[in-house]
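[1] model the following, please.
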Amino acid sequence: MELIFGGEKPIHASVESITHGVFSLTEDSDSFLVLERLPMHYMQAAKTGADSYVVEYQQGSLQEHYQACNLSVDQACELLLMYFHGDESWRQACDWQSYQW
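    Numbers count the residues shown, from 1 in each chain. Model (predicted):
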């Protein structure tokens, strides 16, 4: 699985790189990270406020793109780590809403 920080070159994802990446996010528009399983299959996170994060995931197409808003840094990190480990309980861990393009 690859981890991409704000459009930089992908790196090999690890627990440490994901955790560090989430805690390093700022509110800048180019500050986000993407955990990519396959093309068009990924989970991404961004900081949206002082203590607020959004996590989105996509399952193969734009019609299968969902988001969870107003998460804490710990919740955002936990979701990404569950996704990384293949723990499907991330699907029930928060209230996912269909993303409106």
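[2] CA only for contacts and neighbour counts going forward, please
    Fine.
[3] ends of stretch 57-67, how far apart?
    6 Å (C-alpha to C-alpha, to the nearest Å).
[4] flag every buried residue along that stretch.
    Neighbour counts over stretch 57-67 (16 or more other C-alpha atoms under 10 Å) mark 57-59, 65-67 as buried.
[5] just for the chain, where's the confidence low?
    Low-confidence segments of the chain, defined by pLDDT under 70: none present.
[6] contacting residues around the most centrally placed residue in it?
    Taking C-alpha atoms, centre = their mean, the centroid of the chain lies closest to residue 44, which sits 2.5 Å from it. Taking C-alpha atoms under 8 Å, 6 or more residues apart in numbering as the criterion, residue 44 is in contact with 32-35, 55-57, 80.
[7] now do the same contact list for residue 30.
    Applying C-alpha under 8 Å, 6+ apart, the residues near residue 30 are 6-7.
[8] wasn't it part of a helix?
    No - under DSSP: H, G, I helix; E, B strand; the rest coil, residue 30 sits outside any helix and is assigned coil.
[9] can you list phi and psi of it for me?
    phi -100, psi 10 (degrees, to the nearest 10).
[10] with residue 55 instead?
    According to degrees, to the nearest 10, residue 55 has phi -120, psi 130.
[11] who's it bridged to?
    residue 45, residue 68 (DSSP bridges).
[12] verify the contact between it and residue 68 for me.
    Yes - contact criterion C-alpha atoms under 8 Å: residue 55 and residue 68 qualify, at 5.4 Å.
[13] tell me which of these two has more neighbours.
    residue 55 (24 against 19; other C-alpha atoms under 10 Å).
[14] and the more buried one, what does it touch?
    Contacts of residue 55 (C-alpha under 8 Å, 6+ apart): 43-46, 67-69, 71, 76.
[15] apply 10 Å and report the result again.
    Taking C-alpha atoms under 10 Å, 6 or more residues apart in numbering, we find residue 55 in contact with 32-34, 43-47, 66-71, 75-77, 79-80, 96.
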